[in-house]
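Q: Below is the sequence, then the predicted model.
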Amino acid sequence: MEGKANSNNQHHHEVIIEVEEVKKNFDVGSRIIQALKNITLKVRATDFLVIFGPSGCGKSTLLNIILGLDKPTKGKVRVRGTDVYGLDEDQRAAFRAKKMGMIHQMPYWIKSLNVIENVALPLVIEGGQEKKAMREARKIMQELEIIDLAKQIPTQLSGGEQQKVGLARALVSDPWILLADEPTGNLDSKSGDEIMSLFKLLNQKYKRTIILVTHNEEYWQLGTRRIEMRDGEIVKEVHHNSNLKSHI
């Protein structure tokens, strides 16, 4: 897990994601819904950024735009200097596969594959040798202490176990950046806390950049930065080392 990401993260305060005056409108019937209104945001290599806000505030839309999945109506997104929407769709998909890991609220599985095969899948899709992909998958699962689940069928695991396997799969390509959309939304609080501890470890020990979207107020203090969104706008930003009480 300490491979490429560490060598890429030598400049701790380096800005690696720039969102510049991004707007996103959706046409709903004859109405135009403004999902994002002029968002400007810089994310640094060492950030564990928590994007917090109620349902429908635009936080998942922002995540999808950073991922290169949803073209903004206006504005620019750069990831490590690459203009994400300057790439065509295939180039964007390849860029995303190598540089970013995504964890969803509900992991999706290839049901005919067991756990370790599902974890190895991103590397196989990228054209890697199956043997090498399985070796990388095993390594990640050992580090996350879930190797005992290797031969099981993912859909038969508990929610917390599935989310850990989802995390292993997101990490197998050794991405620089991990993005998580409500990853604890369907978990009990104990499983949720375990997942959050893993994110903290990945950020602090393994120097991953993490962007986490949540509406769970309990988790925001785990981040090094917190952004609060309302109605498509950033209404507040808190750095964890500042005096938090005055912001709450």
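A: Nice, I can see it.

Q: Could you give the average pLDDT over the helix or strand residue 98 falls within?
A: Assessed by DSSP states H and E, residue 98 sits inside helix 89-99. The average pLDDT for helix 89-99 rounds to 92.

Q: just stretch 20-33 next, same as before
A: 95.

Q: going forward, begin numbering at 41 instead of 1
A: Got it, the first residue is 41 from now on, which makes the last one we talked about stretch 60-73.

Q: Okay, buried residues for it please.
A: Within stretch 60-73, the residues scored as buried using 16 or more other Cβ atoms under 10 Å are 62, 64. Backbone N, C-alpha and C define where each C-beta goes, glycine included.

Q: How far off centre is that stretch?
A: Distance, stretch centre to chain centre, for stretch 60-73: 24 Å (Cα atoms, centre = their mean, to the nearest Å).

Q: Equivalent analysis for stretch 133-143, please.
A: 10 Å.

Q: what's the answer for stretch 258-269, then?
A: Distance, centroid of stretch 258-269 to centroid of chain: 14 Å (Cα atoms, centre = their mean).

Q: which residues are in contact with it?
A: By Cβ atoms under 8 Å, 6 or more residues apart in numbering, the residues outside stretch 258-269 that reach it are 81, 86-93, 97-99, 102, 224, 232, 236, 239-240, 243, 250, 252, 254, 274-281, 284.

Q: Among those residues, which lie within helices?
A: 99, 102, 232, 236, 239-240, 243 (DSSP state H).

Q: related to what we said a few turns ago, direction included, what does the following helix or strand past the helix holding residue 138 pair up with?
A: Per DSSP H and E, the first helix or strand lying C-terminal to helix 129-139 is strand 140-143. If you go by DSSP bridges, strand 140-143 pairs up with strand 217-221 (parallel).

Q: Need the residues that contact the strand it pairs with.
A: For strand 217-221, using Cβ under 8 Å, 6+ apart, the contacting residues are 56-57, 100, 103, 106-107, 119, 139-145, 210-211, 239, 242, 248-253.

Q: For the nearest residue to residue 230 once chain neighbours are set aside, grab the count of nearby residues.
A: Leaving out its chain neighbours, the residue that sits closest to residue 230 by Cβ to Cβ, 6 or more residues apart in numbering is residue 200, at 7.5 Å. A total of 18 residues lie near residue 200 under the criterion other Cβ atoms under 10 Å.

Q: Look at residue 200 and report its pLDDT.
A: 94.

Q: my read is it is in a helix, agree?
A: Yes: under DSSP: H, G, I helix; E, B strand; the rest coil, residue 200 falls within a helix.

Q: C-terminal to the helix or strand of the chain with the lowest mean pLDDT, what's the next element?
A: In the chain, no helix or strand scores lower on mean pLDDT, DSSP states H and E than helix 44-48, which sits at a mean of 47. Using DSSP H and E, the helix or strand that follows helix 44-48 in sequence is strand 55-68.

Q: Could you list the paired strands of that following strand along with their orientation?
A: With DSSP bridges as the test, strand 55-68 pairs up with strand 71-84 (antiparallel), strand 114-119 (antiparallel).

Q: I'd like these written out as CSV, with distance to residue 265 added.
A: Formatted as CSV, these follow (distance: least, Cβ to Cβ, whole Å):
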stretch, distance to residue 265
strand 71-84, 8
strand 114-119, 17
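
Q: Taking the centroid of the protein, which residue is nearest it?
A: Taking Cα atoms, centre = their mean as the criterion, residue 219 is the residue nearest the geometric centre of the chain, at 0.7 Å.

Q: what sits opposite that residue in the beta ladder?
A: Bridge pairing for residue 219 - DSSP bridges - gives residue 142, residue 251.

Q: cool, residue 74 as well?
A: residue 65.

Q: The helix or strand where residue 209 lies - contacts with which helices or strands?
A: Assigned by DSSP H and E, residue 209 falls within helix 199-211. Where contact means 3 or more Cβ pairs under 8 Å, 6 or more residues apart in numbering; DSSP states H and E, helix 199-211 is packed against strand 140-143, helix 155-165, helix 170-183, helix 229-244.
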